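Asker: Got a sequence here, can you build the structure:
(chains A and B)
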Amino acid sequence: MLVATFNINSINARLDFTLDFLAAWKPDLVCLQELKLDNATFPRLAFEAAGYRAVTHGQMQWNGVAVLGKLETLAGSEMELVQAGLPGQDAAGARLVTARALGLTITSVYVPNGKQVTHPDFRMKLAWLDALAEHFEKTLDPRTPAIVGGDFNLVPEDIDSYAPAAHAGHIFHTDAERERWKRILGTGLVDLFREKEPTTQAFSWWDYRAGAFHKKYGLRIDFLLGTRSVLERTERVVIDREFRKKRSNRIPSDHAPVIAEIR
DNA sequence: ATGTCCACTAGGAGTGGA
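Answerer: Residues are numbered from 1 along each chain as shown, chains lettered A, B, ... in the order given. Presented below is the predicted three-dimensional model:
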(Lines give C-alpha, C1' and ligand atoms only; values in the text may rest on other atoms or scores of the structure.)
Protein backbone atom coordinates (compact mmCIF):
# COMPACT_ATOMS: atom_id res chain seq x y z
CA MET A 1 0.00 0.00 0.00
CA LEU A 2 1.20 3.51 -0.85
CA VAL A 3 0.36 6.50 1.33
CA ALA A 4 1.27 10.03 0.26
CA THR A 5 1.11 13.64 1.32
CA PHE A 6 1.22 16.53 -1.12
CA ASN A 7 0.71 20.27 -0.67
CA ILE A 8 -0.62 21.04 -4.13
CA ASN A 9 -1.02 24.85 -3.76
CA SER A 10 -4.52 25.21 -5.20
CA ILE A 11 -6.64 22.44 -6.68
CA ASN A 12 -7.96 24.80 -9.33
CA ALA A 13 -4.47 25.71 -10.52
CA ARG A 14 -3.10 22.18 -10.13
CA LEU A 15 -5.88 19.70 -10.91
CA ASP A 16 -4.08 18.22 -13.93
CA PHE A 17 -0.84 18.09 -12.00
CA THR A 18 -2.55 16.35 -9.08
CA LEU A 19 -4.22 13.83 -11.36
CA ASP A 20 -0.83 13.23 -13.02
CA PHE A 21 0.58 12.41 -9.61
CA LEU A 22 -2.25 9.98 -8.87
CA ALA A 23 -1.81 8.30 -12.25
CA ALA A 24 1.96 7.99 -11.82
CA TRP A 25 2.09 6.61 -8.28
CA LYS A 26 -1.43 5.19 -7.89
CA PRO A 27 -1.29 5.83 -4.13
CA ASP A 28 -3.97 4.17 -2.00
CA LEU A 29 -4.36 7.03 0.47
CA VAL A 30 -3.34 10.65 -0.05
CA CYS A 31 -3.29 13.68 2.23
CA LEU A 32 -3.65 16.95 0.31
CA GLN A 33 -3.08 20.47 1.60
CA GLU A 34 -3.78 23.98 0.32
CA LEU A 35 -6.85 23.12 -1.72
CA LYS A 36 -7.76 26.84 -1.79
CA LEU A 37 -11.44 26.14 -2.38
CA ASP A 38 -14.48 25.20 -0.33
CA ASN A 39 -16.20 21.82 -0.07
CA ALA A 40 -18.94 22.83 -2.50
CA THR A 41 -16.48 23.60 -5.32
CA PHE A 42 -14.11 20.66 -4.75
CA PRO A 43 -13.97 18.81 -8.10
CA ARG A 44 -15.30 15.53 -6.76
CA LEU A 45 -16.28 14.23 -10.17
CA ALA A 46 -12.76 14.66 -11.55
CA PHE A 47 -11.35 12.66 -8.65
CA GLU A 48 -14.07 10.02 -8.94
CA ALA A 49 -13.22 9.70 -12.63
CA ALA A 50 -9.58 9.25 -11.66
CA GLY A 51 -10.61 6.52 -9.22
CA TYR A 52 -10.53 8.40 -5.93
CA ARG A 53 -12.98 9.34 -3.21
CA ALA A 54 -12.29 12.47 -1.18
CA VAL A 55 -13.02 13.55 2.36
CA THR A 56 -12.48 17.32 2.42
CA HIS A 57 -12.37 20.24 4.79
CA GLY A 58 -12.11 23.29 2.59
CA GLN A 59 -12.67 27.02 2.69
CA MET A 60 -12.70 29.75 0.09
CA GLN A 61 -9.37 31.22 -1.05
CA TRP A 62 -6.93 29.74 1.48
CA ASN A 63 -5.95 26.56 3.28
CA GLY A 64 -8.16 23.51 2.85
CA VAL A 65 -7.20 19.86 3.38
CA ALA A 66 -8.37 16.51 2.08
CA VAL A 67 -7.83 12.78 2.36
CA LEU A 68 -8.19 10.75 -0.83
CA GLY A 69 -8.89 7.03 -0.93
CA LYS A 70 -8.46 4.91 -4.03
CA LEU A 71 -11.79 3.35 -4.95
CA GLU A 72 -10.15 0.12 -6.12
CA THR A 73 -8.46 -0.33 -2.74
CA LEU A 74 -11.51 0.69 -0.73
CA ALA A 75 -13.37 -1.98 -2.70
CA GLY A 76 -16.74 -0.80 -1.50
CA SER A 77 -15.65 -0.20 2.11
CA GLU A 78 -16.39 3.15 3.68
CA MET A 79 -14.08 6.11 4.02
CA GLU A 80 -15.70 8.18 6.72
CA LEU A 81 -15.09 11.66 8.03
CA VAL A 82 -13.91 11.54 11.64
CA GLN A 83 -12.90 15.15 12.26
CA ALA A 84 -13.09 18.37 10.22
CA GLY A 85 -11.07 21.19 11.75
CA LEU A 86 -8.74 21.29 14.75
CA PRO A 87 -10.93 21.84 17.84
CA GLY A 88 -10.73 25.39 19.17
CA GLN A 89 -8.76 26.61 16.17
CA ASP A 90 -11.47 27.47 13.65
CA ALA A 91 -10.22 31.07 13.39
CA ALA A 92 -6.94 29.77 11.92
CA GLY A 93 -8.79 28.31 8.92
CA ALA A 94 -9.46 24.83 7.51
CA ARG A 95 -6.26 22.99 8.37
CA LEU A 96 -7.10 19.50 9.62
CA VAL A 97 -9.24 16.64 8.43
CA THR A 98 -9.27 13.08 9.71
CA ALA A 99 -10.75 10.11 7.91
CA ARG A 100 -11.12 6.46 8.78
CA ALA A 101 -10.44 4.00 5.97
CA LEU A 102 -8.97 0.53 5.49
CA GLY A 103 -8.84 -0.04 9.24
CA LEU A 104 -6.69 2.97 9.99
CA THR A 105 -7.05 6.60 10.89
CA ILE A 106 -5.48 9.14 8.55
CA THR A 107 -5.19 12.87 9.15
CA SER A 108 -4.18 15.62 6.72
CA VAL A 109 -2.79 18.75 8.34
CA TYR A 110 -1.66 22.16 7.14
CA VAL A 111 0.15 24.01 9.90
CA PRO A 112 -0.01 27.83 9.83
CA ASN A 113 3.05 29.40 8.21
CA GLY A 114 3.70 32.03 10.88
CA LYS A 115 5.29 34.54 8.52
CA GLN A 116 8.06 35.86 10.85
CA VAL A 117 8.90 35.19 14.49
CA THR A 118 8.00 38.81 15.27
CA HIS A 119 4.63 38.63 13.47
CA PRO A 120 1.43 37.97 15.46
CA ASP A 121 0.82 34.95 13.19
CA PHE A 122 3.85 33.23 14.73
CA ARG A 123 2.15 33.09 18.15
CA MET A 124 -0.94 31.80 16.38
CA LYS A 125 1.20 29.09 14.74
CA LEU A 126 2.60 27.95 18.10
CA ALA A 127 -0.89 27.92 19.62
CA TRP A 128 -2.11 25.81 16.70
CA LEU A 129 0.75 23.32 17.17
CA ASP A 130 -0.04 23.15 20.92
CA ALA A 131 -3.69 22.49 20.09
CA LEU A 132 -2.66 19.76 17.62
CA ALA A 133 -0.55 18.03 20.28
CA GLU A 134 -3.46 18.24 22.75
CA HIS A 135 -5.84 16.88 20.12
CA PHE A 136 -3.60 13.85 19.46
CA GLU A 137 -3.08 13.31 23.19
CA LYS A 138 -6.86 13.04 23.52
CA THR A 139 -7.81 11.20 20.35
CA LEU A 140 -4.86 9.22 19.01
CA ASP A 141 -4.32 5.69 20.30
CA PRO A 142 -0.61 4.94 19.76
CA ARG A 143 -1.34 1.19 19.85
CA THR A 144 -3.47 1.39 16.73
CA PRO A 145 -2.44 2.13 13.14
CA ALA A 146 -2.68 5.85 12.51
CA ILE A 147 -1.08 8.09 9.90
CA VAL A 148 -0.69 11.85 9.81
CA GLY A 149 0.43 13.52 6.61
CA GLY A 150 0.97 17.16 6.05
CA ASP A 151 2.80 20.41 5.62
CA PHE A 152 4.10 21.31 9.08
CA ASN A 153 5.90 24.49 8.04
CA LEU A 154 8.83 23.68 10.33
CA VAL A 155 12.26 22.09 10.05
CA PRO A 156 12.73 19.39 12.74
CA GLU A 157 16.52 19.22 12.59
CA ASP A 158 19.40 21.07 10.94
CA ILE A 159 19.78 18.32 8.33
CA ASP A 160 16.31 19.22 7.05
CA SER A 161 17.38 22.72 5.98
CA TYR A 162 19.70 23.87 3.19
CA ALA A 163 21.09 26.61 5.43
CA PRO A 164 20.50 25.81 9.08
CA ALA A 165 23.10 28.20 10.44
CA ALA A 166 21.92 31.18 8.41
CA HIS A 167 18.32 30.53 9.44
CA ALA A 168 18.87 29.59 13.08
CA GLY A 169 16.20 31.25 15.19
CA HIS A 170 14.24 32.36 12.14
CA ILE A 171 10.88 31.12 10.91
CA PHE A 172 10.65 27.31 10.45
CA HIS A 173 13.95 26.94 12.37
CA THR A 174 13.12 28.05 15.92
CA ASP A 175 13.42 26.10 19.17
CA ALA A 176 9.78 27.01 19.89
CA GLU A 177 8.62 25.19 16.73
CA ARG A 178 10.90 22.22 17.37
CA GLU A 179 9.63 21.86 20.94
CA ARG A 180 6.07 21.60 19.58
CA TRP A 181 7.24 19.10 16.95
CA LYS A 182 8.69 16.88 19.68
CA ARG A 183 5.51 17.18 21.72
CA ILE A 184 3.47 16.06 18.70
CA LEU A 185 5.77 13.07 18.13
CA GLY A 186 5.46 12.37 21.86
CA THR A 187 1.78 11.53 21.40
CA GLY A 188 2.88 8.29 19.74
CA LEU A 189 4.02 9.22 16.25
CA VAL A 190 7.29 8.90 14.37
CA ASP A 191 8.62 10.70 11.29
CA LEU A 192 8.57 7.80 8.82
CA PHE A 193 11.07 9.34 6.40
CA ARG A 194 13.65 10.09 9.09
CA GLU A 195 13.21 6.64 10.68
CA LYS A 196 13.97 4.96 7.36
CA GLU A 197 16.59 7.49 6.21
CA PRO A 198 18.48 8.57 9.35
CA THR A 199 21.23 10.44 7.51
CA THR A 200 19.66 11.39 4.17
CA GLN A 201 19.21 15.06 3.41
CA ALA A 202 16.09 15.45 1.27
CA PHE A 203 13.85 18.45 0.86
CA SER A 204 10.11 18.67 0.18
CA TRP A 205 9.71 22.42 -0.42
CA TRP A 206 11.57 25.05 -2.44
CA ASP A 207 10.57 28.71 -2.67
CA TYR A 208 9.20 29.77 -6.04
CA ARG A 209 11.41 32.85 -5.85
CA ALA A 210 15.08 33.38 -6.60
CA GLY A 211 15.54 30.10 -8.46
CA ALA A 212 15.53 28.23 -5.16
CA PHE A 213 14.78 24.81 -6.67
CA HIS A 214 17.70 24.87 -9.07
CA LYS A 215 20.01 26.20 -6.37
CA LYS A 216 18.86 23.36 -4.10
CA TYR A 217 17.68 25.88 -1.50
CA GLY A 218 15.10 23.59 0.04
CA LEU A 219 13.57 22.53 3.32
CA ARG A 220 11.98 19.29 4.51
CA ILE A 221 8.70 20.51 5.99
CA ASP A 222 6.26 17.88 4.66
CA PHE A 223 5.94 14.68 6.64
CA LEU A 224 4.25 11.35 6.88
CA LEU A 225 3.97 10.40 10.54
CA GLY A 226 2.85 7.02 11.79
CA THR A 227 2.30 5.10 14.97
CA ARG A 228 4.70 2.26 15.82
CA SER A 229 2.61 -0.36 14.08
CA VAL A 230 2.76 1.69 10.90
CA LEU A 231 6.52 2.12 11.17
CA GLU A 232 6.96 -1.62 11.59
CA ARG A 233 5.20 -2.14 8.27
CA THR A 234 6.92 0.72 6.40
CA GLU A 235 9.20 -0.51 3.64
CA ARG A 236 10.47 2.81 2.30
CA VAL A 237 9.71 6.51 2.18
CA VAL A 238 10.60 8.76 -0.75
CA ILE A 239 10.20 12.40 -1.69
CA ASP A 240 9.52 12.61 -5.39
CA ARG A 241 11.19 15.87 -6.45
CA GLU A 242 10.27 15.18 -10.09
CA PHE A 243 6.87 16.65 -9.21
CA ARG A 244 8.52 19.93 -8.25
CA LYS A 245 9.52 20.33 -11.90
CA LYS A 246 7.38 21.73 -14.71
CA ARG A 247 5.42 19.03 -16.52
CA SER A 248 4.24 19.80 -20.06
CA ASN A 249 4.88 23.48 -19.32
CA ARG A 250 2.49 23.41 -16.39
CA ILE A 251 3.66 25.13 -13.22
CA PRO A 252 4.32 22.82 -10.29
CA SER A 253 3.44 23.33 -6.64
CA ASP A 254 6.26 24.68 -4.51
CA HIS A 255 6.12 21.35 -2.62
CA ALA A 256 7.03 17.82 -3.68
CA PRO A 257 4.99 14.80 -2.58
CA VAL A 258 6.16 12.38 0.11
CA ILE A 259 5.27 8.73 -0.46
CA ALA A 260 5.52 5.76 1.92
CA GLU A 261 5.21 2.11 0.99
CA ILE A 262 3.52 0.23 3.81
CA ARG A 263 2.97 -3.52 3.87
C1' DA B 1 17.52 37.42 0.43
C1' DT B 2 13.86 37.24 -2.85
C1' DG B 3 14.54 36.68 -9.68
C1' DT B 4 7.34 33.60 -8.16
C1' DC B 5 2.78 31.98 -7.93
C1' DC B 6 -2.10 32.02 -6.39
C1' DA B 7 -6.73 34.00 -5.15
C1' DC B 8 -9.79 37.81 -4.51
C1' DT B 9 -11.94 41.97 -6.06
C1' DA B 10 -13.16 43.84 -10.35
C1' DG B 11 -13.96 44.32 -14.64
C1' DG B 12 -7.46 46.18 -14.64
C1' DA B 13 -3.99 46.03 -11.53
C1' DG B 14 -3.32 46.02 -6.62
C1' DT B 15 -3.16 43.35 -2.38
C1' DG B 16 -2.42 39.64 0.88
C1' DG B 17 -0.53 35.12 1.66
C1' DA B 18 2.98 31.79 1.09
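Asker: Going by C-alpha atoms from here, please, whenever you check contacts or count neighbours.
Answerer: Fine.
Asker: Spell out which residues of chain A are next to DNA strand B.
Answerer: Neighbours of DNA strand B within chain A, by C-alpha under 7 Å from any atom of the strand: A:9-14, A:36-37, A:60-62, A:112-115, A:207-212, A:251-252.
Asker: can you give me the helices for the stretch 1-150 of chain A?
Answerer: Assigned helices in the stretch 1-150 of chain A, in chain order: A:11-25, A:44-49, A:71-74, A:120-139 (criterion: DSSP state H, counting those that start in this stretch).
Asker: and the residue in the stretch 51-200 of chain A that DNA strand B sits nearest to, backbone torsions?
Answerer: The nearest approach of the stretch 51-200 of chain A to DNA strand B comes at residue A:61, 3.7 Å away (C-alpha to the nearest atom of the strand). Main-chain torsions, residue A:61, degrees, to the nearest 10: phi 80, psi -50.
Asker: quick one: contacts for the residue nearest the centre of chain A?
Answerer: Nearest residue to the geometric centre of chain A (C-alpha atoms, centre = their mean): residue A:150, 1.5 Å. Applying C-alpha atoms under 8 Å, 6 or more residues apart in numbering, we find residue A:150 in contact with A:5-7, A:31-33, A:108-111, A:222-224.
Asker: tally of neighbours for residue A:119?
Answerer: Residues within reach of residue A:119, counting by other C-alpha atoms under 10 Å, total 10.
Asker: Distance check, it against residue A:113.
Answerer: Applying C-alpha to C-alpha, to the nearest Å, the value for residue A:119 to residue A:113 is 11 Å.
Asker: Then residue A:71?
Answerer: Separation of residue A:71 from residue A:113 (C-alpha to C-alpha): 33 Å.
Asker: ok, the two, which is more surrounded?
Answerer: Set residue A:71 next to residue A:113 and count neighbours by other C-alpha under 10 Å: residue A:71 wins out with 19 against 16.
Asker: what residue ranges in chain A score low on pLDDT?
Answerer: Within chain A, no stretch has pLDDT under 70.
Asker: thinking again about what came up before, which residues does the residue nearest to the centre of chain A bridge with?
Answerer: Residue A:150 has the following beta-bridge partners by DSSP bridges: residue A:109, residue A:223.
Asker: Was I right to think residue A:158 contacts residue A:164?
Answerer: Yes - counting by C-alpha atoms under 8 Å, residue A:164 is a contact partner of residue A:158 at 5.2 Å.
Asker: quick one on the thing from earlier: got a ChimeraX select line for the buried ones in the residues of chain A next to DNA strand B?
Answerer: The ChimeraX selection below is limited to those of these classed as buried (16 or more other C-alpha atoms under 10 Å):
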select /A:9,10,11,13,14,36,37,62,112,113,114,252
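Asker: Can you flag which of the residues of chain A next to DNA strand B belong to strands?
Answerer: If you go by DSSP state E, those have nothing in strands.
Asker: Would you double-check that residue A:231 falls in a strand?
Answerer: No - the assignment for residue A:231, made by DSSP: H, G, I helix; E, B strand; the rest coil, is helix rather than a strand.
Asker: For the nearest residue to it once chain neighbours are set aside, grab phi and psi.
Answerer: Leaving aside its sequence neighbours, residue A:231 sits nearest to residue A:192 (C-alpha to C-alpha, 6 or more residues apart in numbering; 6.5 Å). Dihedral pair for residue A:192: phi -60, psi -40, per degrees, to the nearest 10.
Asker: ditto for the one 5 residues further on
Answerer: The phi and psi torsions at residue A:197 (degrees, to the nearest 10) take the values phi -130, psi 70.
Asker: What is the burial count for it?
Answerer: If you count neighbours by other C-alpha under 10 Å, residue A:197 ends up with 14.
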